[in-house]
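>>> quick one: sequence plus predicted model below, questions after.
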Amino acid sequence: MDFVIYPAIDIVNGKCVRLHQGNYDLERIYNEDPISQALHFASTGARWIHVVDLDAARTGNPENREIISRIASTVPIPIQVGGGIRSIDSAKALYDSGVERVVIGTAAVENPSLIDSLTHQGYRVAVGLDGRKGRIATRGWKDETELQVTEMAKRFEDSGVDAVIVTEIERDGTLLGPDTKGLRDVLASTALEVIASGGVGSLDDIKALLGLESDDRKLGGVIIGKSLYENKVDLLSALNAFHPPNRFKEKNEDC
C-alpha cells in the first residue's frame, strides 16, 4: 500500500479557506478560486485532492456543489469530497459530477446504513472520523458525542469502505504536529486503511506519520492543508520525499 499525500481544499462561500480547530469564526481565505488551486496541486504531481464543502458540513445543504463539480470535471486526477453528505441523492450527485470518492462523517454516526447502501452499489466511500480527544464530533464539528473514534473505525470494517480518515480536531489548523498516539490507537483497532488529517506543520511531521505503525500496519496517507498554504510544507518536496509525483494520471486509474 502506497502512502498518499492528499492536498486539501476547504471551501466556504465559494472560496478556498482554512479554519483553526474547526472554528468558522477563525476562517482565513487563501484563494478566491478553488479550481485554480486544484489545478496547481494536480500540476505539482498530487495523486488525489481532498475537497471539503464546509458550508454543507454545517447545514447539510450542497452549498458549493457547482464549484466542486467544476473541480471534478477540470482536474485530471481523482478527488474525494466530504462535507454534508447525508443522503444517497447528495452522494450520487457528487459521483455523477465526476467525484471519485465521497467522505461521510455525520451520516456515518446518524445513518450508517447510507454507507452500506452506497458501497453495495459499487460506489467508493471513506468514513470521516472527526474527534476531540478520541470522541466523535459531528455536523461541522459542532455536536459532540460519546462515541469513540476507535469504536467507529471498527464498526465499518466489513462495510466495503475504502478507508477511514481520522482527524483530531484540536490539532486541525494548528501546525503543531499530528496526534500520533490517537492514530496508532486507530491503526490497532481496525483492519481498514487509515488516513491521517490535522496538525501537519512540517516535512518531519509527514515523515513521522510515514513511520507510524501498529502490528506491522502503517497509515495509508495524510491530508495536508494549512501547512501548504502557509508555506510550511512545499508540496513538490513532500511528493519527491515520500512518493514519486504522479503527473496527471487518469482519474479512473487505481491510485
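Cool, the structure landed.
>>> got the contact list for the helix or strand of the chain with the lowest mean pLDDT?
The helix or strand of the chain with the lowest confidence, counting by mean pLDDT, DSSP states H and E, is strand 23-31 at a mean of 80. With contact meaning C-beta atoms under 8 Å, 6 or more residues apart in numbering, strand 23-31 is reached by 12, 15-20, 37, 54, 58, 140, 173, 229. Where you see a C-beta, it was placed from the backbone N, CA and C, and this is true even at glycine.
>>> same question for stretch 207-224.
1-8, 50, 163, 165, 177-178, 180, 183-184, 187-188, 191, 193-198, 200, 206, 233, 238, 241-242.
>>> tell me the buried residues in it?
Neighbour counts using 16 or more other C-beta atoms under 10 Å place 208, 209, 210, 212, 217, 218, 219, 220, 221, 222, 223, 224 of stretch 207-224 among the buried residues.
>>> for residue 33, state which of those residues is nearest.
residue 224 (19.9 Å; C-beta to C-beta).
>>> beta partners of the closest one?
Beta-bridge pairing for residue 224 (DSSP bridges): residue 7.
>>> next one, pLDDT for residue 145 please.
You'll see residue 145 listed with a pLDDT of 84.
>>> does residue 166 really touch residue 199, like I thought?
No - using C-beta atoms under 8 Å as the test, residue 166 is too far from residue 199 to be in contact (11.2 Å).
>>> higher neighbour count, those two?
residue 166 (29 against 24; other C-beta atoms under 10 Å).
>>> the more buried one is in what secondary structure piece?
Per DSSP states H and E: residue 166 is located in strand 163-168.
>>> and the angle from the helix or strand just after that strand to strand 163-168?
Of the helices and strands lying after strand 163-168 in sequence (DSSP H and E), the nearest is helix 180-189. If you take axes from the mean of the first three to the mean of the last three C-alpha atoms, to 10 degrees, helix 180-189 sits at 150 degrees to strand 163-168.
>>> got the angle for the next helix-or-strand element following helix 180-189 vs helix 180-189?
Next helix or strand after helix 180-189 toward the C-terminus (DSSP H and E): strand 193-197. Relative orientation of strand 193-197 versus helix 180-189 (the same axes, to 10 degrees): 170 degrees.
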